[in-house]
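Undergrad: 3D, please:
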Amino acid sequence: MTRPVPPPRAWNLHPDRALPAEPSVRSAAREILAQTSALPILSMHGHVESALLAADAPFENPAALFVTPDHYLLRMLVAQSTSPDGSPGVRGVQSLGVPPANRAPSGVEAAEQSPREIWRRFCAGWHLFRGTPTRYWLEHVLIEVFEVAERPSAASADRIYDHLMERLRAPEFRPRALFELFGIETLATTDPAESSLSHHAQLAAQGWADRVIPTFRPDSLLHVSSSDWAERILSLGASAHIDVHDYRTYLEALRAQRQSFIAAGARATDHGHMSADTTPLDPAEASRIFTAALRGQTTPAQSRAFAAHMLFEMAAMSVDDGLTMQVHPGVQRDHSSSAMSRYGHDIGYDIPVPTDYVHGLRPVLDAFGHHPNFRMIAFTVDETTFSRELAPLAGVYPALRLGAPWWFLDSPDGMRRFREAITDTAGFYNTSGFVDDTRAFCSIPARHDLARRIDAGYLGRLVCEHRLDIDEAIETAADLAYHLPKKAYPRPSSAPKHSSPTASDHLERTPA
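TA: So this is what the prediction gives:
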């Protein structure tokens, strides 16, 4: 006799998820969280595309929404790949829908075309995400937003897929409707410095100008060894309406584009260099390297020196125009050269490296660390620097704030370690508050929810240890969730105060 199949187990979120296990601390954390959980979301730095909100088109399918664009999912599933022998399951990023790069070598396997099959592979690997922040975010999104009633698995994959497709066809699950549902007050995208910002212009014309704002990302223009650097310089000149033919016009074009971003609502710049080095060059040497780069004749050492110099220049420009400068160093991008050549960037092969902030940031902080118009937020994936370098730096330089745990540290335990490592020296108010830095639009409320829970737990412990009163803890939690991000990313107050062409010009003006 066949045993009856039990009905699927109900899938719910526990109200105390990620809160401390100790009863008295958990009770205090609940009280703190209750006062912060409904605050609006300020998503002041992330990688959601402005085109998504400008088009406001329905999401295509669950695989395109949750799986293929998410490098957190890709890297975990690929790390557990089966061998490419025709057996079912994940065989590499192509089997999760990632297409070959434009210039991929011949013979590279084509991307899986069936979104349902991609979804099945993801659901079959759900157990791989146990204990990870990816599991937390996805549970929140699937249960809270899309009302999925059962846990993903090979058996439930098709039922969940059909349920999600039904939701995605409904108007209340389009991007702008979800934006409102999530309680987002402001969302900052990250845009190439040479961008025309056409999607932001479209959003502004439709009344979304102050809600979706750009962020100036010049990395590809500052690394002269990049394979497409010359093409991007041409794009920069076209967008800025400046003939970029030498170092002087290059700086003019960058300044002009920064002003275009500010006019579109930008609050910040963003810099993802390998190193935190900000050592300036003599302007004549910078000009020589730029001219050599136009001819394709720079050395790796010159490229590194120019990138460091241009970080200093970006800081000098921020002193002038008021854009907050974000630095995200310390990641070896595209660690697998073969995977990059086959499938391009952002497929999970980015690995943290040790980062020296004390010496790297010294030139900029020495020049501008006390300047009233300069704001820098430093992020790291090297948590050994929290208490040794970043907290002491943020604890003394008025211009520097310590960014939230980022990327590999954007997890419950990573956030706890962050608070424990930096609060003694930097306190709470020398930080930026929470910054989600995500490209997964639907995970934004989940990430902010997790950060508020971890902060409530940390503050609850301080209350139970009689180091804070409960009213102070509640006020601090609200500041971390909402008020500090707003303060860290103010609207630039005026046009540039100067138009000097070199970093050395700024050094002469910088107050002692």
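Undergrad: Now do the SS call for the spatially most central residue of the chain.
TA: With distances taken as Cα atoms, centre = their mean, Asp437 lies nearest the centre of the chain, 2.3 Å away. Three-state assignment for Asp437 (DSSP: H, G, I helix; E, B strand; the rest coil): coil.
Undergrad: And the pLDDT at Glu508?
TA: At Glu508, the model reports a pLDDT of 47.
Undergrad: which stretches of the stretch 301-450 of the chain form strands?
TA: Assigned by DSSP state E, counting those that start in this stretch, the strands in the stretch 301-450 of the chain fall at 324-327, 331-332, 351-352, 376-378, 400-402.
Undergrad: Take these and lay them out in CSV including mean pLDDT, mean neighbour count and distance to Arg362.
TA: In this view, the C-beta of every residue, glycine as well, is placed from N, C-alpha and C. Converted to CSV, the strands of the stretch 301-450 of the chain look like this (pLDDT from 0 to 100; neighbours: other Cβ atoms under 10 Å; distance: least, Cβ to Cβ, whole Å):
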stretch, mean pLDDT, mean neighbour count, distance to Arg362
strand 324-327, 98, 26, 13
strand 331-332, 91, 16, 21
strand 351-352, 91, 15, 22
strand 376-378, 98, 26, 12
strand 400-402, 98, 24, 11
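Undergrad: For the ones you listed, give me CSV that also has distance to Thr132.
TA: As requested, the strands of the stretch 301-450 of the chain are arranged in CSV below (distance: least, Cβ to Cβ, whole Å):
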stretch, distance to Thr132
strand 324-327, 25
strand 331-332, 19
strand 351-352, 16
strand 376-378, 25
strand 400-402, 24
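Undergrad: Gln113 is nearest to which of those strands?
TA: Closest to Gln113 of those, according to Cβ to Cβ: strand 351-352, at 30.1 Å.
Undergrad: centre of the chain versus that closest one, how much separation?
TA: In terms of Cα atoms, centre = their mean, to the nearest Å, the centre of strand 351-352 is set 15 Å apart from its chain centre.
Undergrad: what residues are up against the residue nearest to the centre of the chain?
TA: Contact partners of Asp437, counting by Cβ atoms under 8 Å, 6 or more residues apart in numbering, are His45, Gly46, His47, His328, Phe379, Ala404, Trp406, Trp407, Asp410.
Undergrad: Quick check: the closest residue to Ala378 other than its chain neighbours vs Met310, distance?
TA: Spatial nearest neighbour of Ala378, chain neighbours left out: Val327 (5.3 Å); criterion: Cβ to Cβ, 6 or more residues apart in numbering. Val327 sits 12 Å away from Met310, going by Cβ to Cβ, to the nearest Å.
Undergrad: Equivalent analysis for Leu187, please.
TA: Computed as Cβ to Cβ, the Leu187 to Met310 distance reads 27 Å.
Undergrad: okay, these two: which has more neighbours?
TA: Neighbour count, other Cβ atoms under 10 Å: between Leu187 and Met310, Met310 has more, with 28 against 23.
Undergrad: who are the neighbours in contact with the more buried one?
TA: By Cβ under 8 Å, 6+ apart, Met310 lies in contact with Pro218, Leu222.
Undergrad: any idea how far it lies from His273?
TA: 9 Å.
Undergrad: intersection of neighbour lists for those two?
TA: By Cβ under 8 Å, 6+ apart, the residues touching both Met310 and His273 are Leu222.
Undergrad: so what's the residue nearest to Ala378 bridging to?
TA: Here Val327 sits in beta bridges with His271, Ala378, going by DSSP bridges.
Undergrad: Tell me how far it lies from Met376.
TA: In terms of Cβ to Cβ, Val327 sits 7 Å off from Met376.
Undergrad: Then Pro175?
TA: Counting by Cβ to Cβ, the gap from Pro175 to Met376 is 32 Å.
Undergrad: now do Gly457
TA: The value you get for Gly457 to Met376, if Cβ to Cβ is used, is 29 Å.
Undergrad: so where do the strands sit in the stretch 101-250 of the chain?
TA: Going by DSSP E, counting those that start in this stretch, the stretch 101-250 of the chain shows strands at 184-188, 191-192, 212-213, 216-217.
Undergrad: where does this protein have low pLDDT?
TA: Scanning the chain for pLDDT under 70 picks out 1-9, 82-88, 494-512.
Undergrad: Domain map for it?
TA: 59-172, 176-509 (automatic domain parsing).
Undergrad: Gln35: which of those is closest?
TA: domain 176-509 (4.7 Å).
Undergrad: thought Ala446 was touching Leu142?
TA: No. Assessed by Cβ atoms under 8 Å, Ala446 is found out of contact with Leu142, at 9.8 Å.
Undergrad: quick one: which of the strands of the stretch 301-450 of the chain is nearest Asp16?
TA: Closest approach to Asp16 among those (Cβ to Cβ): strand 400-402, 28.3 Å.
Undergrad: List the contacts of the nearest residue to Leu393 once chain neighbours are set aside.
TA: Nearest non-adjacent residue to Leu393, counting by Cβ to Cβ, 6+ apart: Leu400, 5.7 Å away. Listed by Cβ under 8 Å, 6+ apart, the contact set of Leu400 reads Leu361, Leu365, Gly369, Met376, Ile377, Ala378, Leu393, Ala394, Asn430.
Undergrad: The third one and Asp320, how far apart?
TA: Just to be clear, that refers to Gly369. With Cβ to Cβ as the criterion, Gly369 and Asp320 are 16 Å apart.
Undergrad: Please apply the same query to Pro354.
TA: In terms of Cβ to Cβ, Pro354 sits 33 Å off from Asp320.
Undergrad: Settle it for me: which of those two has more neighbours?
TA: Higher neighbour count among Pro354 and Asp320: Asp320, with 21 against 8, using other Cβ under 10 Å.
Undergrad: For Ala378, give me its contacts.
TA: Contact partners of Ala378, counting by Cβ under 8 Å, 6+ apart, are Ala276, Val327, Tyr357, Leu361, Leu390, Leu393, Ala394, Leu400, Arg401, Leu402, Gly403.
Undergrad: let's go with 6 Å and repeat that
TA: Residues in contact with Ala378 (Cβ atoms under 6 Å, 6 or more residues apart in numbering) are Val327, Leu390, Gly403.
Undergrad: repeat for Leu480
TA: Residues in contact with Leu480, defined by Cβ under 6 Å, 6+ apart, are Gly433, Asp455.
Undergrad: Next, it: secondary structure please.
TA: helix.
Undergrad: which residues sit in contact with Gly92?
TA: Gly92 neighbours (Cβ under 6 Å, 6+ apart): Ser81.
Undergrad: Look up phi and psi at it.
TA: phi 150, psi 180 (degrees, to the nearest 10).
Undergrad: is it true that Ala124 touches Ala154?
TA: Yes. Shown here, Ala124 and Ala154 form a contact pair, counting by Cβ atoms under 6 Å, at 4.2 Å.
Undergrad: okay, these two: which has more neighbours?
TA: With neighbours defined as other Cβ under 10 Å, Ala124 and Ala154 compare such that Ala124 has more, 18 against 14.
Undergrad: how about His309, what does it touch?
TA: Pro280, Leu281, Ala286.
Undergrad: Can you list which of those are found in helices?
TA: In helices, defined here by DSSP state H, the members of the contacts of His309 are Ala286.
Undergrad: Make CSV from the contacts of His309 and add distance to Met76 and neighbour count to it.
TA: Shown next, in CSV, are the contacts of His309 (distance: Cβ to Cβ, whole Å; neighbours: other Cβ atoms under 10 Å):
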residue, distance to Met76, neighbour count
Pro280, 41, 24
Leu281, 41, 21
Ala286, 42, 23
